[in-house]
Each structure stands twice: as structure tokens, then as C-alpha cells.
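**Q** give me a 3D structure for the following:
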Amino acid sequence: LKHASNVPQSALAIESILLEARFPQGAFQTLLIGADQISQVINDDRVRAATLTGSEAAGASLASAAGKQIKKTVLELGGSDPFIVLESADLEAAVKTAVAARMINSGQSCIAAKRFIVQESIADEFTQKLVEKYKELKIGD
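**A** Below you'll find the model as predicted:
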């Protein structure tokens, strides 16, 4: 794991948890390295694939290095995974989850729901209920 350089303690904590869970030493490693060292890591034969959550520039850099080695990549460049609601859903539960998913960390999270894809037959009802729940939120202490 090469975590963002501004949060190395998070990466080290994940490694510590896995060691505590008795993963073999070396099965998971935190890499405290700069972006300029990524190509060297990707070129290593032990690396089979890479995933990245980050900027478009970081994604392009990783994809370029991995592409030269024909290695699989998964890139999440902006936290826009869809929140999909089908007509078979429990609408109340979907709305409750949608509000929580969008407002996680006050909405300032790369994993916060941003794209809501709702089946047309329930879109109006879902939207109405979603807006009602947002209006119930309390801002501040």
C-alpha cells in the first residue's frame, strides 16, 4: 500500500492491524515512498496489478507505468461510484442509506455518494423522500 503522503499513519495502522490478525510478515506492506518511485514498484515482477484512488494525473502516471508492463489497474479518480436504486429496493432504507452515504464526513469524502442512478418508475418518489431527509439534517452542534 502506497498511501497518500500526507496520511502515512493511516497506512501504517492498516499494516499493523493485518499483522495483529496474523497475516504472514511481508504479505502486506506499507510503502512510504514518493511518487517518483512508483514506476520502480510497478516494474517489479511480484506486482501483478495496481489500484489507485486519487487525481487524474496520478491515475495517468500509474496507468502508463502499468500499461508498459501489461498489468491490470483499477483507477478511482474522483469518487464517483454510482449509488443505484432499483424499484425492488426498500425505498425508506435506500433513502436513509443515500443520505448517510452522501453526507459522510459532512460530504467531504472521496467515497461519499455523488451519482444517484434511480430507476425511472421510482425516481420522483425517491427524490422527494431524499430531499425531505436532507431538510431534516441539523447543521452544527
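**Q** and stretch 8-18, average pLDDT?
**A** Stretch 8-18 shows a mean pLDDT of 92.
**Q** now the strands: where do they sit in this protein?
**A** 49-53, 72-76, 82-85, 115-118 (DSSP state E).
**Q** given the third one, what are its sheet partners and their directions?
**A** Based on DSSP bridges, the strands next to strand 82-85 in the sheet, each with its direction, are strand 115-118 (parallel).
**Q** kindly report the same for the second one.
**A** Strand 72-76 pairs in its sheet with strand 49-53 (parallel), by DSSP bridges.
**Q** what residues does the partner strand touch?
**A** Residues outside strand 49-53 that contact it (Cβ atoms under 8 Å, 6 or more residues apart in numbering) are 42, 58-59, 62, 66, 71-77, 79, 110. C-beta: built from backbone N, CA, C; applies to glycine.
**Q** go with 10 Å
**A** 1-4, 38, 41-42, 58-59, 61-63, 65-66, 69, 71-79, 110-111 (Cβ atoms under 10 Å, 6 or more residues apart in numbering).
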